[in-house]
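Visitor: Sequence first, predicted coordinates after that:
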Amino acid sequence: MTLLGLLHLCFFALVAGSEASLRGGGGSSSPFVFVIRSSTASPRAAAQAGRLSKQLVQQGVPSSAIRMLHAEEGGERGEFVHTHGYWTLAPYVPRLHKAGQALGAAWYVFVEPTTAVDVRSLRAALAVRAHGDDWFVGHKLMDKSGSITHEYNTAIGYPLDRAGFAVSRGLMAKLAAKFASRGAEGMPRDFHIDATWSFAKHILDETHGKVKITDDAAFCAGSSGASAARLGHPRPGCGTQAVREKFSEWKFPGSELSGKDVIIAVKTTKIFHAVRLPVQKATWIADRPPGMEVVFMSETEDQSVPTIDLTKEWPKLLKVDSETATGHCAKCHALLKTLAKRWPSKKWYVVVDDDTMMSIPRLLDLLRTYDSSKPVYLGQRYAYAHTGGENPQGADYVTMGGGMAMSGTMLKRVLKCEECYCPTPNQPDDMRIGSWVDVEMGLPISHEDGFHQAEMSNYHDEVLASQNIVSFHKFRDLEDAKQGYNKWLLDSHHKEL
């Protein structure tokens, strides 16, 4: 045998041995724990997670090794658990590690409900790495420019979430020990914007910069073979593949929705009436379907727009001063009350800033996946200071810049809530509304990654290509807005594959 042949033989023997060690001892053991990152309040995400779970079981993964995050956060395993903020991942680590220990898991694999998974290819890809060492593996992305979504830090590599990522047993054990030893009070009290990026940052911080994400070609992006991937079959050579979901496949039964069932309120102020509103009118508002109303709410009446003067609608709640121009809590509260008073029978109420850009067709397709008779509050979910533990702290909220949607049922409940008020007029409106829903009423908030708090250039192209984009926030001028709208939001560009 030649030296090259001997080397090949040794390599395949090493892989085979590693695969054997990954298989575990049979029974309820598993080489993997899969975490399906399904949103708690989304029936679509729950259904998608259930479908992926069945596909994994069909590929030999024990059901006990599959953790659906919406079920974990909702306590559906028949026990009371302190699960608030598990979606941010760090508070979930100690509990997840305990589950993995019971299964003898070598790897913890995090996927989205739409991710396509080939367990055999994934096992082969991970088998070449020692799971007792510290590994963080996925489809690596690096930002080209800084943005608020990633704390203006371009030095941290992070995984493409829809392609999934994996954490080795050794690294997970270290993270769990550190987080558990601190308790809730010792957890980082951060803003949580992009959970995947934040988790990569946690790993980097907790290992003192030693563990960065390793790029692996088995975690695949791109639309090649998208139809097969949507059915759960990644293209050859891929252990996982990012899939852009198709909203029309997940319509909620009886969720017929037309433009007249939805009203959009643009929250604006006098200084931007002539600057920003013409841009919105020339782009996404011009493409709205027949019957859909878009109204403009300000602290002053302007017939050229026209606007609704909120200080006249609710003079005791809102006064004309510097606070009404900032668009904070009292102004948004008055806006919600005006919507309920003037348009009481809409199925959905959408609120956006005067520099928000939207795709109305995709917004409607998304809303059709929800039951408007339920209390639903959705958009890009942020959070602050989630700690986990026995006495979890922190709160979720939908960031207003990317737009937020409330079902008619949710709006009625918010306005009837006696604890739901603005302690001071100028508190951040999105954080306060989030606390009303999440803390005061104890209702879940549904995250939809098609909503974006920042402008288009702040997101990696591969992230955007994997999403059904509903909104962006901020534009420089009409030309900038038109270019971005035509590239990412115009319905003919980003058709569902």
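Guide: Yes, it's here. Residues are numbered from 1 along each chain as shown.
Visitor: For the rest of this, base every contact and every neighbour count on C-alpha atoms.
Guide: OK.
Visitor: Would you confirm that residue 44 belongs to a helix?
Guide: Yes - under DSSP: H, G, I helix; E, B strand; the rest coil, residue 44 sits within a helix.
Visitor: what are the C-alpha coordinates of stretch 145-162, in PDB please?
Guide: In PDB, the C-alpha atoms belonging to stretch 145-162 read as follows (Å, rounded to 0.1, in the frame of the first residue of the first chain):
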ATOM      1  CA  SER A 145     -19.800  47.700   9.000                       C
ATOM      2  CA  GLY A 146     -21.000  48.400  12.500                       C
ATOM      3  CA  SER A 147     -24.600  48.700  13.500                       C
ATOM      4  CA  ILE A 148     -26.800  49.000  16.600                       C
ATOM      5  CA  THR A 149     -28.000  45.400  16.200                       C
ATOM      6  CA  HIS A 150     -24.500  44.100  16.900                       C
ATOM      7  CA  GLU A 151     -23.300  46.900  19.300                       C
ATOM      8  CA  TYR A 152     -21.300  48.500  16.400                       C
ATOM      9  CA  ASN A 153     -18.800  45.600  16.800                       C
ATOM     10  CA  THR A 154     -17.400  44.100  13.600                       C
ATOM     11  CA  ALA A 155     -14.800  41.900  15.200                       C
ATOM     12  CA  ILE A 156     -17.100  39.100  16.300                       C
ATOM     13  CA  GLY A 157     -17.900  36.200  14.000                       C
ATOM     14  CA  TYR A 158     -21.400  34.700  14.400                       C
ATOM     15  CA  PRO A 159     -23.400  31.900  12.700                       C
ATOM     16  CA  LEU A 160     -26.100  32.300  10.100                       C
ATOM     17  CA  ASP A 161     -29.000  31.300  12.400                       C
ATOM     18  CA  ARG A 162     -31.200  29.600   9.800                       C
END
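Visitor: Can you pull the domain assignment for the protein?
Guide: Split into domains by automatic domain parsing, the chain comes to 22-245, 250-489.
Visitor: In CSV: the ones you listed, plus mean neighbour count.
Guide: Formatted as CSV, the domains of the chain follow (neighbours: other Cα atoms under 10 Å):
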stretch, mean neighbour count
domain 22-245, 20
domain 250-489, 19
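Visitor: mean pLDDT lowest for which of those domains?
Guide: Mean pLDDT is lowest for domain 22-245 among the domains of the chain, at a mean of 87.
Visitor: Tell me where the stretch 1-150 of the chain has strands.
Guide: All strands of the stretch 1-150 of the chain, identified by DSSP state E, counting those that start in this stretch, fall at 32-36, 66-68, 107-111, 116-117, 136-138, 140-141.
Visitor: what's the closest of those strands to residue 230?
Guide: With Cα to Cα as the measure, strand 116-117 is the member of those nearest residue 230 (6.7 Å).
Visitor: Could you list every helix and strand in contact with the closest one?
Guide: Helices and strands touching strand 116-117, by 3 or more Cα pairs under 8 Å, 6 or more residues apart in numbering; DSSP states H and E, are strand 240-241.
Visitor: to the chain's geometric centre, what's the distance from the strand it packs on?
Guide: In terms of Cα atoms, centre = their mean, to the nearest Å, the centre of strand 240-241 is found 18 Å from the chain centre.
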